[in-house]
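Engineer: My questions concern the predicted model and sequence given below.
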Amino acid sequence: MVPALTYRPFTGIRRVWDYDPVESFFDRVLGDLDSDVDTWQGGSYPVVDIYHDDALFIVRAELPGLELKDVSLKVQGSHLVLEGEKRHADGKSYHRVESWCGKFCRFIPLPSTVDTEKIDAKFVHGVLTVTLPILATVKPKEIPVKLG
């Protein structure tokens, strides 16, 4: 039995309002990179969560498969810089590679209220947790109000 084919006469035609000259240029120059080439299709790597309470900002980065020696963390100006490299296991003969590997660098802007001298970082089971204390002069201070 022959599978049914669907005829789509306009498949290769882009709508005029979808035309992007920059994207079109790179499509022509670079060709189809989606074949079997390892490319990172996501947004930023590593994925980070940033949250805070009254005393701390916390940056949490998921780095599965990495070890402490693969990760570097520093304060540079008004940014927290997270760098590293994810490598495939050496000596393996791969048939297909779908996991991402390579060097990465994330610049995370720091608020001016962070005490950069007291930053603490822990790396446990592939998760980097960075605690950034808020300066004592900026923390809210409750003022008691008296009656009368």
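Structural biologist: Great, that's in hand. All of these numbers come straight from a predicted model, not from anything done at the bench.
Engineer: Only C-alpha atoms from now on, for both contacts and neighbour counts.
Structural biologist: Will do.
Engineer: how near is His79 to Thr116?
Structural biologist: 10 Å (C-alpha to C-alpha, to the nearest Å).
Engineer: what do you get for Arg60?
Structural biologist: Where Thr116 is concerned, Arg60 sits at a distance of 17 Å (C-alpha to C-alpha).
Engineer: which of the two has more neighbours?
Structural biologist: Comparing Arg60 with Thr116 by other C-alpha atoms under 10 Å, the one with more neighbours is Arg60, at 20 against 16.
Engineer: Quick one: end-to-end distance for stretch 89-105.
Structural biologist: 21 Å.
Engineer: Any buried residues in it, and which?
Structural biologist: Cys105 (16 or more other C-alpha atoms under 10 Å).
Engineer: do stretch 48-63 as well
Structural biologist: With the criterion 16+ other C-alpha under 10 Å, stretch 48-63 contains buried residues Val48, Ala55, Leu56, Phe57, Ile58, Val59, Arg60, Ala61, Glu62, Leu63.
Engineer: in a strand, that's where the fourth one is, yeah?
Structural biologist: Yes. Secondary structure assignment places Phe57 in a strand (DSSP: H, G, I helix; E, B strand; the rest coil).
Engineer: Could you check the pLDDT of the spatially closest residue to Leu63 that is not a sequence neighbour?
Structural biologist: Leaving aside its chain neighbours, Leu63 sits nearest to Gly126 (4.9 Å; criterion: C-alpha to C-alpha, 6 or more residues apart in numbering). Looking at Gly126, its pLDDT stands at 92.
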